[in-house]
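Peer 1: My questions are about this predicted structure, shown below with the sequence.
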Amino acid sequence: EAGVTQFPSHSVIEKGQTVTLRCDPISGHDNLYWYRRVMGKEIKFLLHFVKESKQDESGMPNNRFLAERTGGTYSTLKVQPAELEDSGVYFCASSQGYGGLSGNTIYFGEGSWLTVV
Amino acid sequence: ELKVEQNPLFLSMQEGKNYTIYCNYSTTSDRLYWYRQDPGKSLESLFVLLSNGAVKQEGRLMASLDTKARLSTLHITAAVHDLSATYFCAVDINNNDMRFGAGTRLTVKP
């Protein structure tokens, strides 16, 4: 079974350009998350989708970031315009359920490495 | 604001030795996760701890959770080189909205 896949794995763009990151969750997983790790700091939550709805987007840093999950399948995270401080690793993760005591395992993708120059 | 603090941040140890990584957090939570990350790879789920006093073991790794003390530990027994990686703890605060620690970079030397 395929895991969480992310594309592109690496990208280098100039300041002011636009980048779109894509995440394909594990098939059947309603919950999809975006995280990022910038400048060697801790991994930080960006937002959480349940199917196509944004359950929590409290971690989105500013309005240059736009996440979508049309149809509740794959998700995209667009950064427009990119700034130098956006450089880092963007992780996508998915899980089947959420909440409760079931301790749903959250599966991570390998990350999309973004460098803004 | 929730804080999740891991220590140590860097750990170099000899093969065969034991050591413990600590994860302290500042808010109430009944779910705590431990992940392993190899360089350039995704985060691999190691343990999910669901209740106070939970203890889980897998191979040379054992994780425990004390929700009253807001502390989780990851104990390494008789370390081997293959355990070299970065280990993250993460606290679940709201339906899988997780807050991560800074990570502990472990290097096991022969």
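Peer 2: Yep, it's here.

Peer 1: Contact partners for residue A:58?
Peer 2: Applying C-beta atoms under 8 Å, 6 or more residues apart in numbering or on different chains to residue A:58 gives the contacts A:45, A:47, B:97. The C-beta positions use only the backbone N, C-alpha and C, and glycine is treated the same way.

Peer 1: In strands, which of those appear?
Peer 2: Counting by DSSP state E, the members of these that fall within strands are A:45, A:47, B:97.

Peer 1: I'd say the last one and residue A:49 touch.
Peer 2: Read it as residue B:97. No: if you go by C-beta atoms under 8 Å, residue B:97 and residue A:49 don't touch, sitting 11.9 Å apart.

Peer 1: more crowded one of those two?
Peer 2: residue A:49 (23 against 18; other C-beta atoms under 10 Å in any protein chain shown).

Peer 1: roughly how far apart are the most centrally placed residue in chain A and chain B?
Peer 2: Nearest to the geometric centre of chain A sits residue A:34, at 2.9 Å (C-alpha atoms, centre = their mean). With distances defined as C-beta to the nearest C-beta, to the nearest Å, the gap from residue A:34 to chain B amounts to 11 Å.

Peer 1: Could you give the bridge partners of that residue?
Peer 2: Beta bridges link residue A:34 to residue A:47, residue A:92 when assigned by DSSP bridges.

Peer 1: Partner strands of the helix or strand hosting residue B:73, with direction?
Peer 2: In this assignment (DSSP states H and E), residue B:73 forms part of strand B:71-76. Using DSSP bridges, strand B:71-76 pairs in its sheet with strand B:19-25 (antiparallel), strand B:61-66 (antiparallel).

Peer 1: If we go by neighbour counts, what in the last one is buried?
Peer 2: Residues B:61-65 are the ones in strand B:61-66 that count as buried (16 or more other C-beta atoms under 10 Å in any protein chain shown).
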